[in-house]
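Q: Give me coordinates for this.
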Amino acid sequence: MRLLRDSRACRLAARLFLLALLAGLAACQGDNKDANAEEAANNAVPVEVAPVARRSISASYEGTATLEPESQAQVAAKVNGVLLKLMVEEGDHVTQGQVLAKLDDEIPRLNLAKAEAVLRKLENDFRRSQEMFERKLLSVEQNDKIRYDLETQRATHDLAKLELSYTDIVAPISGVISRRLVKVGNYIQLNQALFQIDNFDPLLAVLNVPERELTTLRAGQVVGMQVDSMPGQQFEGAIQRISPVVDAATGTFRVTCEFRDASGQLKSGMFGRLGITFAKHDDILAIPRSALMDEDGETAVYVVVSGASVAAEAKQESNGNPDPNAKSDRGKDKAGKDKAANATPAWVAKRRLVKIGYSDANYVEVNSGLQEGDRVITLGRSAVRDGTAIQVLEAVQ
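A: All right, here's what the predicted structure looks like:
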């Protein structure tokens, strides 16, 4: 009886030892699984993503240009003289023919008086000459000489009158006095600039557009513009004219846009950011421009896919692979397979080729390669490759 009891005790002890051993192995496997999962998470590259969604996209061309007036004039003196009076100041609106300043007119006035006196004398001489010529008391040569002298003096009189009128400095065009270059009391030389007049209605912005856009732009298309001095404010204009010639040196052509601002906020010399919308697509698949990659003439994106699906796909391809080299995988032990399975990342980046269409400042149309709901990497894509484990930080809507 005693031997029987000892035998049962031994069997019970053996069973307890076996259970303890199995529990220890299970705990080790759990620890390995947690360690592998933590290692996979630590090796994942953090990225930001955005969904492939439907939206409207306007196809447009964007560029920058400096605003310049439609017409501009330098007002110069046509006679010498001292500047006696200024009639306008910088910022004043003037009309064509308006007097802007007055020069000393004493000498031109005296010259005109002298020319008028000589003209009256020659007119009397010519009248008497005609009477004597009709009576045949004067030869044809003498009569013609007096007539030529009279015509010459009339021209001299008109010139003196014109020079007197030049002492009034007048505006050659309508616009705004943008610069005053002289002061009262200055001695003004012939052809010296006194004012600059800019016509701000309209203001022009000239774009140098690449040749590829030649068939998409046309006169009359709406142009939107923002200027740095007034952020958030949009000004609307239109294409005034398009140059028919492409510059062979730069491969661009000139597009002149005009802007009429009744409020007077736009000024010559302002730096404008222009956008010309020439087409619009509604309800199309689109992704942020920041997701695109141009490599070897191809356009691609990185799509976020499940790590488990990638592993399942790889396993399926491995099982169906007739390559003899695949036999080496059969020699792996079960622990190695479990370790590889436990290290599968949650998300993986997959490179995918896409075809794109119209684009605007932020988004681009996707014609093929993606489906609605797919997620593409927008930030951090330079740090990943096809199959890289990733950690999604934020979904940008």
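
Q: can you give me the strands for the stretch 201-350 of the chain?
A: Ranges of strands within the stretch 201-350 of the chain are 222-227, 235-242, 252-259, 271-288, 293-295, 298-306, 347-353, based on DSSP state E, counting those that start in this stretch.

Q: Distance to residue 139, mean pLDDT and mean neighbour count added to those, as CSV?
A: Backbone N, C-alpha and C define where each C-beta goes, glycine included. Compiled in CSV, those are given as follows (distance: least, C-beta to C-beta, whole Å; pLDDT from 0 to 100; neighbours: other C-beta atoms under 10 Å):
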stretch, distance to residue 139, mean pLDDT, mean neighbour count
strand 222-227, 75, 92, 18
strand 235-242, 65, 94, 17
strand 252-259, 66, 95, 20
strand 271-288, 75, 87, 17
strand 293-295, 95, 85, 11
strand 298-306, 97, 90, 18
strand 347-353, 104, 90, 19
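
Q: possible to save those strands as CSV with distance to residue 56?
A: Output for the strands of the stretch 201-350 of the chain, formatted as CSV (distance: least, C-beta to C-beta, whole Å):
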stretch, distance to residue 56
strand 222-227, 16
strand 235-242, 19
strand 252-259, 24
strand 271-288, 5
strand 293-295, 24
strand 298-306, 21
strand 347-353, 24
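
Q: List just the one of the ones you listed that sits closest to residue 88.
A: Shortest separation from residue 88 across these is recorded for strand 252-259, at 25.2 Å, computed as C-beta to C-beta.

Q: how distant is the closest one from the center of its chain?
A: Computed by C-alpha atoms, centre = their mean, to the nearest Å, the separation of strand 252-259 from the middle of its chain amounts to 13 Å.

Q: helices and strands around it, which ones?
A: Packing partners of strand 252-259 (3 or more C-beta pairs under 8 Å, 6 or more residues apart in numbering; DSSP states H and E): strand 53-76, strand 193-210, strand 222-227, strand 235-242, strand 271-288.

Q: Any idea what the closest residue to residue 64 other than its chain neighbours is bridged to?
A: The shortest distance from residue 64 to any non-neighbouring residue, by C-beta to C-beta, 6 or more residues apart in numbering, is to residue 273 (5.5 Å). Beta-bridge partners for residue 273, by DSSP bridges, are residue 64, residue 226.

Q: Could I get the contacting residues of residue 273?
A: Counting by C-beta atoms under 8 Å, 6 or more residues apart in numbering, residue 273 touches 62, 63, 64, 225, 226, 227, 228.

Q: mind listing what the spatially most central residue of the chain touches?
A: With distances taken as C-alpha atoms, centre = their mean, the chain has residue 63 as the residue nearest its mean C-alpha position (2.9 Å). Contacts for residue 63 were tallied using C-beta under 8 Å, 6+ apart; they are 207, 208, 209, 273, 274.

Q: what about 7 Å?
A: Residues in contact with residue 63, defined by C-beta atoms under 7 Å, 6 or more residues apart in numbering, are 207, 209, 274.

Q: all helices in the protein, in order from the N-terminus.
A: Using DSSP state H, the helices of the chain run over residues 2-43, 106-134, 140-165, 307-319, 334-342.

Q: tell me the mean pLDDT for the second one?
A: In other words, helix 106-134. Per-residue pLDDT over helix 106-134 has a mean of 92.
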